[in-house]
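A.B. asks: Give me the fold of what follows.
(one chain, ligands or ions: 1)
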Amino acid sequence: MASNSSSKQFTTEEVARHNKEGDLWITIDSKVYDLSKFAGLHPGGPNVLFANSVAGQDATEAFFGLHRLEVLHRPQYARLQIGTIQGEEPTIKPLGPGEASKVPYAEATWLADGFQSPYYTDGHRKFQKAVRTFFSEVIQPAALECEEKGKRIPQEVVDKMAEVNLIAMRLGPGKHLKGRTLMNGIVTPEEFDYFHELIINTELARFGTRGFVDGLLNGIVIGVPPILNYGSPELQARVVPDILNGKKFLALAISEAFAGSDVSGLQTTAVRDGDFWVVTGTKKWITNGVFSDYFTTGCKTETGFTVMLIERNDNVDTKAIKTSYSPTAGTAYVTFDNVRVPVANTLGPVGNGMSVILSNFNHERWMVTATALAAQRVVVEECLKWATQRMVFGKPLSSQAVIRAKLGLMISRVEAAQSWIEHITHQMNNMTYAETASKLAGPIGLLKAFVTKCGSETATDASQVFGGRALTVSGMGKVIENYHRTVMFDAILAGAEDVLADLGVRQAMKKMPPSSRL
Ligand code: HEM
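C.D. replies: Prediction:
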């Protein structure tokens, strides 16, 4: 990053002499930058750099009131550094790969110094470090680029994910992990539990790139379980390995313009013709659909709702839908035009597809809740940093009680949700599938509704804290802008907030003991 010349030492008096157009130095965090040529190219204009308080001076405070630290680490700007101030050491550093943030509440408390947790073992801690390192080295650069440019996840990133079996791990614990080496052997398939998966879901949502969270093969996470649970052994052997090894992509295709969560209103129809189904209809809001090879599809059949695996062919057409998050998610409108699907691709009982779809809802909702919460925690960290470094009327923003009040609420919301999701994750680890289905559908629905409601409140509060900066796609408030723009995806996908809160209450009502009276 710093060139040889950056090891030169200067006195503050020496720096102060370079204070005019054509000969302009400044100091940021004890690092001396030569901006003589750059001033004319500075995106904020040259004049601001010639101000008396900036030219030849320590401009640390002014700089961090206007730019993110990452600006100084971009290669084209890092090379402007020519040395350091004699006898001083830089104090501001980005996190190293795998490192946990020391900003209070920036990490779940199990990662904070001195805090205990009943849930996580040393194995989970090692796993978390390895996953964070992998994500910061391999995924983060792709996440930032894809989010901005709207490109799908690059194949080389998918290949690296497949190498450590990250795609398979995202489906949770289970027999699909058998024989696989997970994260270079840090955890065995038998040890892998829902806390490991929670760690992955947390790490993948930390870049302020909501579209990419779904672009990171969420279609597979929600669409492959029906094949694993209901597909014939032959079908599984034919399609699952390629998917988990990153060679093929899959989307879950249930919702339609005619009917979202109201499955009975679906109009995509499959009609039997010998050993084939002939499928005609359309699907809308299909995450990853643009680049998927397979579609786990809900169809109306003579005796009810049936789920089947449809392979892309000339009669399957996908068109990108413009949404308010990045096209990197590959959200599609899918058209099936007399597509011939082998009857052997049927998933579960004909006419009872509802049970096939329902079987994966808890896991999907828990996953979305985990990523939604992780993104919300990043917002808390951004706000704490900004409130500390932003100076207003000569004092940090955090000296305003109204700002502290917002921070208090934001922190409370993520901490409450964290405890709740860890508690539910612990139940998932210890309950049978049947117990999970009967006991956790309600709590997971309520938890998701709670987290997304909190998310909307935090998005509003964070925007107030950042002001106009929360409205621009790049620069200081870019994470807040992305979060505020996309927070409703968490509130709608995998079950709308109000519907899930209601589900939680209805489940509770079903379990009211007849013996109870006030
Ligand atoms: C090494 C020194 C500097 C570099 C490399 C640099 C680079 C940049 C870049 C890349 C931007 C575009 C916005 C962003 O990406 O955040 C920007 C904007 C800006 N810069 Fe600098 N800058 C430097 C120093 C300064 C200093 C010392 C000031 C002091 C006043 C300043 C004032 C501004 C202003 C006012 C903007 C516009 C901010 C906005 O639109 O919100 N810059 N700078």
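A.B. asks: Just the C-alphas of stretch 81-93, formatted as CSV.
C.D. replies: Below are the C-alpha coordinates for stretch 81-93, written out as CSV (Å, rounded to 0.1, in the frame of the first residue of the first chain):
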residue,chain,number,x,y,z
GLN,A,81,1.3,9.3,0.6
ILE,A,82,4.9,10.6,0.7
GLY,A,83,5.8,10.0,4.3
THR,A,84,4.8,10.4,7.9
ILE,A,85,5.1,13.0,10.7
GLN,A,86,8.3,12.5,12.7
GLY,A,87,7.7,10.8,16.0
GLU,A,88,4.0,10.0,15.3
GLU,A,89,2.2,6.8,14.5
PRO,A,90,-1.0,6.3,12.5
THR,A,91,-3.9,5.4,14.9
ILE,A,92,-6.7,4.7,12.3
LYS,A,93,-6.6,1.3,10.7
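A.B. asks: so who does residue 111 touch?
C.D. replies: Contacts here follow Cβ atoms under 8 Å, 6 or more residues apart in numbering; on that basis residue 111 touches 100, 128. Every residue, glycine included, has its C-beta placed from N, CA and C.
A.B. asks: all numbers from here: first residue = 36
C.D. replies: Yes, from this point I'll number from 36; that puts the last item at residue 146.
A.B. asks: Next, the contact list for residue 81, please.
C.D. replies: 56, 74-75.
A.B. asks: Next one: it from residue 91, what distance?
C.D. replies: 15 Å (Cβ to Cβ, to the nearest Å).
A.B. asks: Check residue 67 too.
C.D. replies: Where residue 91 is concerned, residue 67 sits at a distance of 10 Å (Cβ to Cβ).
A.B. asks: any shared contact partners between these two?
C.D. replies: Joint contacts of residue 67 and residue 91 (Cβ under 8 Å, 6+ apart) are 50, 60-61.
A.B. asks: How many neighbouring residues does residue 282 have?
C.D. replies: 13 (other Cβ atoms under 10 Å).
A.B. asks: Apologies, that question was intended for residue 345.
C.D. replies: Neighbour count for residue 345, taken as other Cβ under 10 Å: 26.
A.B. asks: Now do the helix or strand where it lies: which elements does it pack against?
C.D. replies: Taking DSSP states H and E as the criterion, residue 345 maps to strand 339-346. In terms of contacts (3 or more Cβ pairs under 8 Å, 6 or more residues apart in numbering; DSSP states H and E), strand 339-346 is packed against helix 260-265, strand 311-321, strand 329-336, strand 367-377, strand 381-382, helix 388-424.
A.B. asks: Show me what the third one is packed up against.
C.D. replies: Contact partners of strand 329-336 among helices and strands, from 3+ Cβ pairs under 8 Å, 6+ apart: helix 253-258, strand 285-288, strand 304-308, strand 311-321, strand 339-346, helix 388-424.
A.B. asks: nearest to residue 233, of those?
C.D. replies: Of all the helices and strands packed on strand 329-336, helix 388-424 sits nearest to residue 233, with 5.5 Å by Cβ to Cβ.
A.B. asks: Which residues in the closest one does the neighbour count mark as buried?
C.D. replies: Across helix 388-424, burial judged by 16 or more other Cβ atoms under 10 Å covers 388-389, 391-392, 394-422, 424.
A.B. asks: just those residues that are near the ligand?
C.D. replies: Filtering the buried residues of helix 388-424 for proximity to the ligand by Cβ under 6 Å from any ligand atom leaves nothing.
A.B. asks: closest to residue 116 among the contacts of residue 81?
C.D. replies: So of the contacts of residue 81, ranked by how close each gets to residue 116 (Cβ to Cβ), first place is residue 74, at 15.4 Å.
A.B. asks: ok, that closest one - how many residues close by?
C.D. replies: Residue 74 is flanked by 19 other residues according to other Cβ under 10 Å.
A.B. asks: Would you mind confirming that it is in contact with residue 86?
C.D. replies: No - using Cβ atoms under 8 Å, residue 74 makes no contact with residue 86, being 11.7 Å away.
A.B. asks: before we move on, back to that, mean pLDDT added to the helices and strands packed on strand 329-336, as JSON lines?
C.D. replies: Listed next are the helices and strands packed on strand 329-336 as JSON lines, based on pLDDT from 0 to 100:
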{"stretch": "helix 253-258", "mean pLDDT": "98"}
{"stretch": "strand 285-288", "mean pLDDT": "98"}
{"stretch": "strand 304-308", "mean pLDDT": "98"}
{"stretch": "strand 311-321", "mean pLDDT": "97"}
{"stretch": "strand 339-346", "mean pLDDT": "97"}
{"stretch": "helix 388-424", "mean pLDDT": "96"}
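A.B. asks: Can you pull up the most central residue in this structure?
C.D. replies: Central residue of the chain (Cα atoms, centre = their mean): residue 240, 2.5 Å from the mean position.
A.B. asks: That one is in what secondary structure piece?
C.D. replies: Residue 240 belongs to no helix or strand, assigned by DSSP H and E.
A.B. asks: Next one: it from residue 50, what distance?
C.D. replies: 42 Å.
A.B. asks: Residue 408 too?
C.D. replies: 45 Å.
A.B. asks: and if you look at residue 511?
C.D. replies: Where residue 50 is concerned, residue 511 sits at a distance of 26 Å (Cβ to Cβ).
A.B. asks: OK, contacts around the closest residue to residue 216 other than its chain neighbours?
C.D. replies: Excluding its sequence neighbours, the residue lying closest to residue 216 (Cβ to Cβ, 6 or more residues apart in numbering) is residue 200, at 6.5 Å. Residue 200 is in contact with 212, 215-218, 279, counting by Cβ under 8 Å, 6+ apart.
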